[in-house]
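Asker: For reference, the sequence and a predicted model appear below.
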Amino acid sequence: MIALSTIFKYLSLIGSFAVVGSLLAMGFLLLDSHGKLSTSAKKLRTMLWISGLTWTIGSIGVILFTLATILDQPLSFALDSTVLRSFLTQITLGQYLLFQTLVALVITFAAIRVNKILTVIALLILTFIGLVAPVFQSHSASSGSHGLAIGSLVIHVVALSLWVGGVITLAILEPEDRPVAVPRFSQLALWAAIAVVLSGTANAWARLNFKEAWNSAYAWVVIGKVVLTITLIIIGYLHRKNLALRSSINWKGFARLIFAESLIMVATVAMGAWLSSSQAPSRPEPAKFDPALAIAGISTPAEPTWGRILFSYEPDALMIGILVTAVALYIKGVVVLTKRGDKWPVGRTISFALGISAIDFATSGGLGLYANFAFSYHMVAHMILGMIAPIGIVLGAPITLALRTLPQGRNSEERGVRGSLLAALHSKLAVFYTNPIVALAIFDGSLFALYFTDLFGSMMQSHVGHLFMNIHFLLAGILFFHVIIGIDPNPRRVPHLVRIVILFAAMSIHAFFSVALMSTTTLIDGGHFGSLQSPWLTDLLADQRMGGSIGWAMGEVPILLALVATFVSWVRDDSREAIRIDKNAARSAAMGQPDELAAYNKYLHDLAQRDRNEP
């Protein structure tokens, strides 16, 4: 049964990686035609369909063999409809595996009809979500330091899928398409390889008992995978060296190198499938049961002090990976502008850096650590993620930087990455979300939907729920402040008076929410914080009410700052408009023509004269 389970796991992995590679090539590596798939990209739809079907079959097999293994029963028992339905609807692991299978089915059915680049990008994002969903209930989920273990494994899987999937796709591309696709993939492959190595190392450090691991077959497979990974990195280095040093490349020989690389990657994925199907020698369990470690994946920290809050660090690897990627892209954009001779305001860079630092402090820093154990600290982290960090990110103008530095298409027909970003900014979806009423509803309305329903208690019980909350707080805040004080292009122009009205509405709604939270007489966390049994947290209801008061105090300041910034922006816009009118008047006077005001007054005079002349 273990052998068959490994085979289906391998089919699931190789199929999903090939899906990622196909979508990556269709959306980014090959030329497009005015935002639609080119003829070369359309040829990959067959590969996408085959890969999606392989992923679907592998995922179904993984579900069945996982259930049989959990129940320690033969496969026929897992085929029982009642047992299977219970696993897929009531068990979290079964739900994640079912979601992954449904994603694979969606990709399979959409493969033949997909025609637009934005649709391809949406399918690629959906593929990543489906690919990493079961990771949150993998072996890493039961390890200590679960933020590091799960996050690093998510990064490992995503980076590996980009690397492996891209190489597999390059191996089957037509020779005439490789001169365009290979240089584009080369840069991505380097960063993906670095992410694979770093995330794999972090995951092993968080999970494995190295003393016991070296005496097991698991260790030999890990060593073999490391050797193959190093070989792949060397081959990738040769790719980049050949591209950089040669003006003309022997593409037939290059194709053989890519084909050899793809075979090595297939073997690497097979080893990964075996490792993911086998239980690794894990770290020894503590002698005394720790409810916090069992529920939150983190041992209960000592009683909070200013020093511990400021200097403690419990890495959330996934958030760190997202932040590092954002910083790297921002720095690269600034460097590109500098080399081009253009200037980028230092204040924007500092603002973006402060926003990123605030996010890291609220997720991986001491505040992020204690937010797992007390509602009051959770509310502080919420305020930073939803109202303070977004202001720094928005004032950093990352979209403007991207539009100024992203590469243009190779010809007049290719939209390219920059064109795709512009199309997304002007899409109907963007117009809908940047409506100030919609932004306000998401920003403040979600507070009541989360904290005054059972949703908050349910989401605090899992790492994926906690992660979703953090990302939602951050994105909702970025959207709101982008509409109100944003520097980046906005698909709709919001009048300053409307912005001020929205800010006053946000302030009132937020105050009402905080007062309602301060007036609660029952716990809203579904018993989560009580189950952690933190010795320094004795009165949970008082802590919850304190969270409400913190939300009120911290929430008013950013909105007041945004209100001041809106007034300043309004005054500046009026000043610029007055200067523009004066310049037009001066220009008209120099040319012997009446200015706009004189022309308008003459128009009114003529109307009055006409009325007097009429009988």
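Answerer: Noted; the coordinates are in hand.
Asker: All the helices of the stretch 201-350 of the chain, in order from the start?
Answerer: Under the criterion DSSP state H, counting those that start in this stretch, helices of the stretch 201-350 of the chain are mapped to 210-213, 217-245, 251-277, 291-295, 306-311, 317-340, 346-363.
Asker: In terms of mean pLDDT, which of those ranks lowest?
Answerer: If the helices of the stretch 201-350 of the chain are sorted by mean pLDDT, helix 210-213 sits at the bottom with a mean of 58.
Asker: Relative to L11, how far out is the residue minimising distance to the centre of the chain?
Answerer: In the chain, the residue lying closest to the centroid (C-alpha atoms, centre = their mean) is I322, at 6.5 Å. In this view, I322 and L11 are 30 Å apart by C-beta to C-beta, to the nearest Å. Every residue, glycine included, has its C-beta placed from N, CA and C.
Asker: With L318 instead?
Answerer: Counting by C-beta to C-beta - L318 and L11 are separated by 26 Å.
Asker: between these two, who's got more neighbours?
Answerer: L318 (26 against 20; other C-beta atoms under 10 Å).
Asker: Can you tell me the element the residue lying closest to that one once chain neighbours are set aside falls in?
Answerer: Nearest residue to L318 in three dimensions, chain neighbours excluded: G151, at 3.3 Å (C-beta to C-beta, 6 or more residues apart in numbering). Secondary structure assignment for G151, by DSSP states H and E: helix 146-172.
Asker: which ones are touching the residue nearest to L318?
Answerer: P315, D316, A317, L318, M319, I320, G321 (C-beta atoms under 8 Å, 6 or more residues apart in numbering).
Asker: Next, count neighbours for K339.
Answerer: Neighbours of K339 (other C-beta under 10 Å): 8.
Asker: Contacts only, for it.
Answerer: By C-beta under 8 Å, 6+ apart, K339 has no neighbours at all.
Asker: Kindly report the same for the one 5 residues further on.
Answerer: Taking C-beta under 8 Å, 6+ apart, we find W344 in contact with G333, V334, L337, T338, L401.
Asker: Buried residues, stretch 403-414. List them.
Answerer: Under the neighbour-count criterion of 16 or more other C-beta atoms under 10 Å, stretch 403-414 has L403, T405, L406, G409, E414 buried.
Asker: Can you dump the C-alpha atoms of that stretch in CSV for me?
Answerer: This file holds the C-alpha atoms of stretch 403-414, laid out as CSV (Å, rounded to 0.1, in the frame of the first residue of the first chain):
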residue,chain,number,x,y,z
LEU,A,403,4.6,50.6,-13.8
ARG,A,404,7.8,52.6,-14.2
THR,A,405,10.1,49.6,-14.1
LEU,A,406,8.4,46.5,-15.4
PRO,A,407,9.6,45.4,-18.8
GLN,A,408,7.7,46.4,-21.9
GLY,A,409,6.6,43.8,-24.5
ARG,A,410,9.0,42.7,-27.2
ASN,A,411,6.8,44.1,-29.9
SER,A,412,3.7,46.3,-30.4
GLU,A,413,1.4,43.3,-30.1
GLU,A,414,2.7,41.9,-26.8
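Asker: Can you give the contact residues for it?
Answerer: 31-34, 180, 332-333, 336-337, 342, 415-419, 421-422, 489.
Asker: Tell me the one of the buried residues of stretch 403-414 nearest F481?
Answerer: Nearest to F481 among the buried residues of stretch 403-414 is L403, at 19.0 Å by C-beta to C-beta.
Asker: so which strand or helix has that closest one?
Answerer: Short version, using DSSP H and E: L403 is in helix 398-405.
Asker: next structured bit after that helix?
Answerer: helix 416-425.
Asker: what angle sits between that following helix and helix 398-405?
Answerer: Here helix 416-425 points in a direction 140 degrees away from that of helix 398-405 (axes from the mean of the first three to the mean of the last three C-alpha atoms, to 10 degrees).
Asker: before we move on, the earlier item: mind checking the pLDDT average for the helix holding L403?
Answerer: 92.
Asker: Could you check the angle that helix makes with helix 317-340?
Answerer: Going by the same axes, to 10 degrees, helix 398-405 makes 40 degrees with helix 317-340.
Asker: thinking again about what came up before, of the contacts of stretch 403-414, grab the buried ones for ChimeraX.
Answerer: Buried residues among the contacts of stretch 403-414 (16+ other C-beta under 10 Å), as a ChimeraX selection:
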select :31,32,180,333,336,415,416,417,418,419,422
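Asker: who touches the nearest residue to F87 once chain neighbours are set aside in this structure?
Answerer: Of all residues not flanking F87 in the chain, G94 sits nearest, at 4.0 Å (C-beta to C-beta, 6+ apart). Applying C-beta under 8 Å, 6+ apart to G94 gives the contacts I63, L67, F87, L88.
Asker: Distance-wise, check G94 relative to E174.
Answerer: 42 Å.
Asker: same thing with A374?
Answerer: A374 is 59 Å from E174, by C-beta to C-beta.
Asker: Give the residue from the two that has the larger number of neighbours.
Answerer: A374 (21 against 10).
Asker: That one: what's it in contact with?
Answerer: With C-beta under 8 Å, 6+ apart, A374 has these contacts: P304, F529, S534, L537, D543.
Asker: L561: how many residues sit nearby?
Answerer: Counted with other C-beta under 10 Å, L561 comes out at 15.
Asker: Next one: it, what pLDDT does it get?
Answerer: Reading off the model, L561 has pLDDT 85.
Asker: What's the separation between it and I485?
Answerer: Counting by C-beta to C-beta - L561 and I485 are separated by 9 Å.
Asker: re the thing from before, dump the contacts of A374 into a markdown table; add secondary structure, neighbour count and pLDDT as well.
Answerer: Output for those, formatted as a markdown table (DSSP: H, G, I helix; E, B strand; the rest coil; neighbours: other C-beta atoms under 10 Å; pLDDT from 0 to 100):
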| residue | secondary structure | neighbour count | pLDDT |
| --- | --- | --- | --- |
| P304 | coil | 20 | 91 |
| F529 | helix | 23 | 89 |
| S534 | coil | 21 | 89 |
| L537 | coil | 21 | 90 |
| D543 | helix | 19 | 92 |
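Asker: now, which of those residues sits nearest I107?
Answerer: F529 (39.7 Å).
Asker: my guess is that closest one contacts D539, does it?
Answerer: No: the pair F529 / D539 is not scored as a contact, 11.1 Å apart, by C-beta atoms under 8 Å.
Asker: nearest spatial neighbour of L232, skipping sequence neighbours?
Answerer: Using C-beta to C-beta, 6+ apart, the closest residue to L232 is I264 (5.9 Å).
Asker: before we move on, what about L97?
Answerer: Nearest one to L97, counting by C-beta to C-beta, 6+ apart, is I63 at 4.9 Å.
Asker: Helices along the stretch 1-150 of the chain, start to end?
Answerer: 2-24, 39-71, 75-78, 81-90, 92-111, 117-132, 146-172.
Asker: average pLDDT across the third one?
Answerer: Yep, that's helix 75-78 we're talking about. 82.
Asker: same question, stretch 184-203
Answerer: Per-residue scores along stretch 184-203 average to 81.
Asker: what's that stretch in contact with?
Answerer: 24, 28-29, 140, 148-149, 152-153, 155-156, 158-160, 162-163, 166-167, 170, 229, 232-233, 236, 239-240, 243, 317, 321, 328.
Asker: Just the CA trace of it, in PDB.
Answerer: The C-alpha coordinates for stretch 184-203 follow below in PDB (Å, rounded to 0.1, in the frame of the first residue of the first chain):
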ATOM      1  CA  ARG A 184      12.800  35.000 -19.100                       C
ATOM      2  CA  PHE A 185      12.700  31.800 -17.100                       C
ATOM      3  CA  SER A 186      16.400  32.000 -16.200                       C
ATOM      4  CA  GLN A 187      16.000  34.900 -13.800                       C
ATOM      5  CA  LEU A 188      13.000  33.300 -12.100                       C
ATOM      6  CA  ALA A 189      14.700  29.900 -11.800                       C
ATOM      7  CA  LEU A 190      17.600  31.400  -9.900                       C
ATOM      8  CA  TRP A 191      15.400  32.900  -7.200                       C
ATOM      9  CA  ALA A 192      13.200  29.800  -7.100                       C
ATOM     10  CA  ALA A 193      16.300  27.600  -6.500                       C
ATOM     11  CA  ILE A 194      17.500  29.900  -3.700                       C
ATOM     12  CA  ALA A 195      14.000  29.700  -2.100                       C
ATOM     13  CA  VAL A 196      13.900  25.900  -2.400                       C
ATOM     14  CA  VAL A 197      17.300  25.500  -0.600                       C
ATOM     15  CA  LEU A 198      16.600  28.100   2.100                       C
ATOM     16  CA  SER A 199      13.000  26.900   2.800                       C
ATOM     17  CA  GLY A 200      14.000  23.300   2.800                       C
ATOM     18  CA  THR A 201      16.800  24.000   5.300                       C
ATOM     19  CA  ALA A 202      14.500  25.900   7.600                       C
ATOM     20  CA  ASN A 203      11.800  23.200   7.400                       C
END
